[in-house]
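A.B. asks: Model the following, please.
(chains A and B)
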There are 2 protein chains.
Amino acid sequence: MTNAIEILGFVAATLTTAAFLPQVYQTWRTKNAQSLSLYMLLIFFVGVLSWLVYGVLINSMPVIVANVVTAILTFMLLFFKYTYKN
Amino acid sequence: MTNAIEILGFVAATLTTAAFLPQVYQTWRTKNAQSLSLYMLLIFFVGVLSWLVYGVLINSMPVIVANVVTAILTFMLLFFKYTYKN
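C.D. replies: Reported below is the predicted structural model:
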């Protein structure tokens, strides 16, 4: 049963990480970041970095990998939010 | 040391959950969900529900509470995305 639970955790991490890919693509394609909240992106970015440090401290590769990817995607959205300025 | 690590995990969960509050507020205030990606919201919502089931299975209250709140906030964004139709 533990194996099934771990797989579920891996699926959950993959989904909540991969979810940002369509957002990055849409924002890049439309050059429109207007309705993205800057505060959401900043708070979420700090939260993801916290999860990354947490993952290193508990030595959990899934937590580390998921949050490295999410940190990169969130940073791209922050960059777009700054660049597109609308 | 374990206690400090758990606190970090709690802080990370709180930040990545609370981050959606400014997004919900901005979207509600501006009635503009245009640059929010529908696919991001849908995939993220399924991911958060997966984390919720995972939290129940491993009996982890922080994972359960964080993902119940995130699921509600993400559902609100989905509702706004549908309602504001721009």
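A.B. asks: quick one, what contacts the residue positioned nearest the centre of chain A?
C.D. replies: Centroid check for chain A by Cα atoms, centre = their mean gives A:T70 as the closest residue, at 2.5 Å. Residues counted as contacts of A:T70 (Cβ atoms under 8 Å, 6 or more residues apart in numbering or on different chains) are A:T16, A:T17, A:F20, A:V48. C-betas here are computed from N, CA, C, even on glycine.
A.B. asks: mind listing what's buried in the helix or strand harbouring the first one?
C.D. replies: For A:T16, the enclosing helix or strand under DSSP states H and E is helix A:2-18. When burial is assessed from 16 or more other Cβ atoms under 10 Å in any protein chain shown, helix A:2-18 yields the following buried residues: A:L8, A:G9, A:V11, A:A12, A:A13, A:T14, A:L15, A:T16, A:T17, A:A18.
A.B. asks: go on, stretch A:45-62?
C.D. replies: A:F45, A:V46, A:G47, A:V48, A:L49, A:S50, A:W51, A:L52, A:V53, A:Y54, A:G55, A:S60.
A.B. asks: Name the residues of the helix or strand where A:R29 lies that are buried.
C.D. replies: Assessed by DSSP H and E, A:R29 sits inside helix A:20-30. Neighbour-count burial for helix A:20-30 flags A:F20, A:P22, A:Q23, A:V24, A:Q26, A:T27, A:W28 (criterion: 16+ other Cβ under 10 Å).
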